[in-house]
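In: sequence first, predicted coordinates after that:
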Amino acid sequence: MEDMQKYDFTSILDRHGQDALAVDEIGAPGGFAPAAPEDGFDAIPMWVADMNFPTAPSVQKAIMERTAHPAFGYFRPRDAYYEAIIRWQRERNGVSGLTPDCIGYENGVLGGLLSALRVLCSRGDSILLHTPAYVGFTNVLRGSGYHIVESPLLYQAGDAKSGGPEGAVPVWHMDYEDMERKIRDQHIHVVVFCSPHNPCGRVWSREELAQAFEIFEKYEVTVISDEIWSDLLMPGKVHIALQSVSEYAKNHTVALYAPSKTFNLAGLVGSYHIIYNRTLRERVRREAALTHYNEMNVLSMHALLGAYSPEGAKWVDALRRVLAGNVRYAVDYIRAHFDGVTLAEPEGTYMLFPDCGQWMLDHGKSQRELEEMCWRVGVALQDGGMFRGPSHLRINLALPLTRVQEAMERLDRYVFNACPQPAP
Ligand SMILES: Cc1ncc(COP(=O)(O)O)c(C=O)c1O
């Protein structure tokens, strides 16, 4: 609790004019940003997947210390960079046996995804992707000429195996039969996997991952595993690194990580891969080198050093408690007040992905109309359409609790309980 007072998760950070898409893009025409609110409402940024909290003090300190030295020439990553990642992976994810040669810089997780795809597939090849899916995946896959085969996650009542509560509360599951049929019939050899899952918030259990890998091994599938959200878990949840699931998983997985989601560093850019299989690793690195675009920025290296430090770890623990409180508040509020809206309990990430399908039907509103109603009162969330959620909203909860409370109250008063039902 001491750390909660030490770090500031309650002040409303003014990000205007400070290079923040989340606030400065609101109201910009022509894109996918939320429209500006009506007079009398301020915008509460709940769309872009970054946080409205200051980063860990250890990150700022590391960057400032480095900027005090006045030369920023060509460089190689320090040994400390690899050591920090190895320590972080051991302490946070229980990863043992990781060595520096298995770690490589990636200029963004999506850049790493693309390098791996170029090694593993021909253009036009079919790639399996669970849906709903992070829009970055669909954009990269489509934009680079791959064929997406969707395996929709099932939205069903929870069961003990998935770690979900018993009973009526929905939980997102993998559909193993669907995955196997598609992999087999469409000769699929690459899966793009997201763990924890954005936008559904699932933290996959070891049993679920093992079951998936039984299929992957049977059909010689390589997995590109985006684990960028692995640090942001709800209480009691544990991230299982995909590569720890089996020997096959270790040797047939390209794992992608970054401190950017965890520490709010997306603007600094700096992700990394872990690849144990030497051939695969050398080919992925060769592919990335061909573009000459995959070079690390020195300040991003120092940001990682400040982040993946003992002080950074304490900050993340405090952040996780704040996010858990925000998620609890929002989930309880929505379940208690918004009839026709259901949602699974997020187990990780700071995103909510409520399904408003019944509400939309009851009130004769489209997803777009619903979203615009939210925007008008300054709740700058995103609709789930881009993420393959046809009746969903995607709500970022990484902001001070008072802002989450304000947003829920506005949604209650002006959106979900505002419009009368149409006459039958
Ligand atoms: C699942 C997932 N992967 C990757 C990214 C982006 O990562 P990067 O900025 O390192 O490309 C995001 C950002 O929201 C994400 O949610």
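Out: That came through, no problem.

In: got a list of what the closest residue to Ala344 other than its chain neighbours touches?
Out: Nearest residue to Ala344, sequence neighbours excluded (CB to CB, 6 or more residues apart in numbering): Pro170, at 4.9 Å. Any C-beta I mention is one placed from the backbone N, CA and C, and that applies to glycine too. By CB atoms under 8 Å, 6 or more residues apart in numbering, the contact set of Pro170 is 155-158, 342-344.

In: what about Arg410, how many residues nearby?
Out: 19 (other CB atoms under 10 Å).

In: renumber starting at 32 from here on
Out: Yep, numbering from 32; the last one is Arg441 now.

In: I'd say it and Gly409 touch.
Out: Yes: with contact defined as CB atoms under 8 Å, Arg441 reaches Gly409; the gap is 6.7 Å.

In: show me which residues of the chain sit near the ligand.
Out: Within the chain, the positions lying close to the ligand (CB under 6 Å from any ligand atom) are 80, 139-141, 165, 167, 225, 229, 257, 259, 289, 291, 297, 302.

In: returning to what we had before: between Arg441 and Gly409, what contacts are shared?
Out: 72, 75.

In: count the neighbours of Asp156 for me.
Out: 17.

In: that one against Val223, yeah?
Out: No: the pair Asp156 / Val223 is not scored as a contact, 12.0 Å apart, by CB under 8 Å.

In: for the residue in the stretch 282-431 of the chain that the ligand sits nearest to, which non-adjacent residue is closest in space?
Out: Nearest residue of the stretch 282-431 of the chain to the ligand: Ser302, at 4.1 Å (CB to the nearest ligand atom). Among residues not flanking Ser302 along the chain, Ala289 sits closest, at 3.6 Å (CB to CB, 6+ apart).

In: ok, the one you found to Asn295 distance?
Out: Separation of Ala289 from Asn295 (CB to CB, to the nearest Å): 11 Å.

In: tell me which of the two has more neighbours.
Out: Ala289 (28 against 21).

In: phi, psi of the more buried one?
Out: phi -170, psi 150 (degrees, to the nearest 10).

In: show me what contacts it?
Out: Counting by CB under 8 Å, 6+ apart, Ala289 has contacts 137, 139-140, 259, 296, 301-303.

In: circling back: beta partners for the residue of the stretch 282-431 of the chain closest to the ligand?
Out: Glu137 (DSSP bridges).

In: pLDDT value on it, please?
Out: We have a pLDDT of 98 for Ser302.

In: do the same with the one 5 residues further on
Out: As summarised for this prediction, Tyr307 has a pLDDT of 98.

In: tell me the contacts of it?
Out: 133, 274, 281-282, 284.

In: try Ala111
Out: Per CB under 8 Å, 6+ apart, neighbours of Ala111: Leu336.

In: re the thing from before, using TSV, lay out the contacts of Ala289 together with neighbour count and distance to Glu403.
Out: Formatted as TSV, those follow (neighbours: other CB atoms under 10 Å; distance: CB to CB, whole Å):
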residue	neighbour count	distance to Glu403
Glu137	25	37
Gly139	18	31
Val140	24	31
Ile259	27	30
Leu296	25	32
Gly301	23	36
Ser302	26	34
Tyr303	21	39
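
In: in a markdown table, list these along with distance to Gly416.
Out: Conversion of those to a markdown table gives the following (distance: CB to CB, whole Å):
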| residue | distance to Gly416 |
| --- | --- |
| Glu137 | 28 |
| Gly139 | 24 |
| Val140 | 22 |
| Ile259 | 22 |
| Leu296 | 28 |
| Gly301 | 30 |
| Ser302 | 26 |
| Tyr303 | 31 |
